[in-house]
Structures are given as structure tokens and as C-alpha cells.
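Peer 1: Attaching a predicted model along with its sequence, questions to come.
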Amino acid sequence: MSLLAVDQEKCHRDGICAEVCPAGIIEFKDKDAFPTLVDGGDKRCIRCGHCVAVCPHGAMSHATMKPEECPPINENWLFGPEQVEHFLRHRRSIRTYKKKQVEREVLTKLIDVARFAPSGHNLQPVKWLVIHERAGVQRMTEFVVDWMRHLIKEDSPLAAALHLNQVVSFWEKGDDFIGRNAPHVIVAHARENDGAAAVNCTIALTYLELAAPSFDLGTCWAGYFNAAATSWPPMQKELGFPEGNVNYGAMMVGYPKFKYQRLPLRNDAEIMWR
């Protein structure tokens, strides 16, 4: 089929699809015409599906998706402002986990939700690495400790700024302030030469973090892990990304050991108006 197909019996020629198209590739040549692609539109299309998703009549089909393949929005499931606020304030960074593995099927479903995060030009560049076995997480944590010891030995300003002496001391005493004894770590990686990759991976990991409680899971951004994976060659080699791909973020994941009961306070927003 062509890139776009219009069911002329359903189309109301209301122009909504043309108005929402991010690439501006849909046009109406006259008031009685049906929507068509502009010249060269097939090359400019970013395959976002906006035209299919927005049509209230189910008249637009795209070569990569048909309206019947796209689930309808359930109005009863949408949050109001108070529910959204509660949902977002309910999120906690989890640093104490049960000694229980999360099934691969559950983590797969979690990542399946995160893949719907927005990305520049809908390129969807984010790839995922799941360190599922506890022994693998432990090994990666040891690489992070090696990186810390290297920075301390080199008297790096970063070592003092991140209190790495203290973190390593805790580690040597059996207290894991790096991976928090999390059973799993999920890493987002993408092409090193993609200028938007860092932002896209961060957004995708944020989706993953916000979706996790619906699976009874807790998460925490793995800052030390991420810093080491970004700059420590031995760890980068051990991670084994495809050639040309690099780490852009990591998340600890597991079943929370404790349940939070209240929504803590935060500073007021500082807002400038123009």
C-alpha cells in the first residue's frame, strides 16, 4: 500500500490529520478533496502515527499501522489533575529491596511500557540491557568500586566531590551504597554518535521508573553505576554493548522491602514569567 490510505466512506475531510502532522506532509488540495501526501512526503514521514491516532472516524491508515491495530483511548482510565499529582508524588527512589528476583516476563512488560517514551523524530533509538542475575549485578558493582579506587588514587576532584573514599569504605565493610543490593539493573544504551541519545534514554528510563510501581516494583537511578559505565573502559568492555553503542543511564530495580505511607514535602517551585 502507499504510505497513507484514506477510507473515503469514513473520512469527513475535517483536516485534523493535516493540522497535527509534525512533518507537515498531509494536505487538502481543495475543499472537496481527501487528504493526500505532499510531494516527497514519504521521505519526510517520521512514522509517529499521529494521523491514525487523531482521526475520530478511523478513516486514516498508515503503511506501518492501521486504526484497528491501535488500541482506543479509555477515557475512564485517564487521570484528573489531583490523581496525576498523587501519582507523581507517590514515586519514591527505592534503596532497600526484598531478596527476591523479579521474573523476566515482568521486567519485559515493564520495558515494553517504557518503549513508548517520546524520542526526537520518533527515531526510537533506545536499546536495553538487563543485568538479571544477582551475581552479574555484584560483578558490575565491583567494576564501579575499581573505578572509584582509580579516581581516589589519581586524586581526582571527582573523588572528593562524590565522597568516594566513604563509599569504598562502606563497600569494604559490606555495605553496598553503590547498587543498594538491588537484584537487577536495567541499562539504557544507544548510538554514541546520536546527539539526542542521552535525552531520549533519560526520558525512556523515566517512563520505566514511573511505570514500575504498577508492577509492584521499586526503582532508583544508579548514579555511581552510570558514571563508571560512562568513563571506565574495563566496565564498558564487560557491559558488552554492540559496537558504537554506549551507556546513557542505569536503573536499579526490585521488589521494595518497605511500603511508604505518606507524600513528603518539597521546595516550592521557582517560576519566572515573561
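Peer 2: Good, I have the coordinates.
Peer 1: What ranges does the chain have for its helices?
Peer 2: Along the chain, counting by DSSP state H, helices occupy 16-20, 41-44, 50-54, 81-90, 104-114, 134-153, 157-161, 164-172, 197-211, 223-231, 233-239.
Peer 1: Contacts for the first one next, please.
Peer 2: This means helix 16-20. 26-28, 35, 50-51, 54-56, 60 (C-beta atoms under 8 Å, 6 or more residues apart in numbering). Placement of C-beta: from N, CA and C, glycine included.
Peer 1: just the last one next, same as before
Peer 2: When contacts are taken as C-beta under 8 Å, 6+ apart, the neighbours of helix 233-239 outside the stretch itself are 129, 139-140, 143-144, 146-147, 187, 189, 228-229, 246-247.
Peer 1: again with the fifth one
Peer 2: Contacts of helix 104-114 from elsewhere in the structure, counted by C-beta under 8 Å, 6+ apart, are 128, 130, 132, 184, 186, 204-205, 207-208, 211-212, 215, 217, 253.
Peer 1: and of those, the nearest to Ser156?
Peer 2: The closest of these to Ser156 turns out to be Leu205 (C-beta to C-beta; 26.3 Å).
Peer 1: That closest one - how many residues pack around it?
Peer 2: Residue neighbour count, defined by other C-beta atoms under 10 Å, stands at 25 for Leu205.
Peer 1: ok, and the closest non-adjacent residue to Trp221?
Peer 2: Spatial nearest neighbour of Trp221, chain neighbours left out: Met251 (6.1 Å); criterion: C-beta to C-beta, 6 or more residues apart in numbering.
Peer 1: If you could redo that for Val167, that was the one I meant.
Peer 2: Phe177 is the one closest to Val167 (C-beta to C-beta, 6+ apart), at 5.2 Å.
Peer 1: these two touch, right, that neighbour and Val168?
Peer 2: No. Using C-beta atoms under 8 Å, Phe177 is not in contact with Val168, being 9.3 Å away.
Peer 1: Tell me which of these two has more neighbours.
Peer 2: More neighbours surround Val168 than the other of Phe177 and Val168, with 20 against 15 (other C-beta under 10 Å).
Peer 1: how about that one, what does it touch?
Peer 2: Counted by C-beta under 8 Å, 6+ apart, Val168 has contacts 145, 148-149, 152.
Peer 1: let's see 6 Å
Peer 2: By C-beta atoms under 6 Å, 6 or more residues apart in numbering, Val168 lies in contact with Met148.
Peer 1: For it, give me the pLDDT.
Peer 2: Model confidence at Val168, given as pLDDT, is 98.
Peer 1: what about it, distance to Glu82?
Peer 2: 45 Å (C-beta to C-beta, to the nearest Å).
Peer 1: Chain neighbours aside, what residue packs nearest to Leu164?
Peer 2: Using C-beta to C-beta, 6+ apart, the nearest residue to Leu164 is Met148, at 4.4 Å.
Peer 1: Just give the number of residues close to Asp32.
Peer 2: Around Asp32 there are 7 residues (other C-beta under 10 Å).
Peer 1: Farthest pair within the contacts of helix 104-114?
Peer 2: Checking the contacts of helix 104-114 with C-beta to C-beta, the most distant pair is His132 and Tyr207, at 19.9 Å.
Peer 1: Dig out what the residue nearest to Trp221 forms beta bridges with.
Peer 2: Met251 has these beta-bridge partners by DSSP bridges: Ile186, Trp221.
Peer 1: hang on, it packs against Leu205?
Peer 2: Yes. Between Met251 and Leu205 there is a contact under C-beta atoms under 6 Å: 5.5 Å.
Peer 1: Tell me how this protein divides into domains.
Peer 2: The chain breaks down by automatic domain parsing into domains covering 11-69, 91-254.
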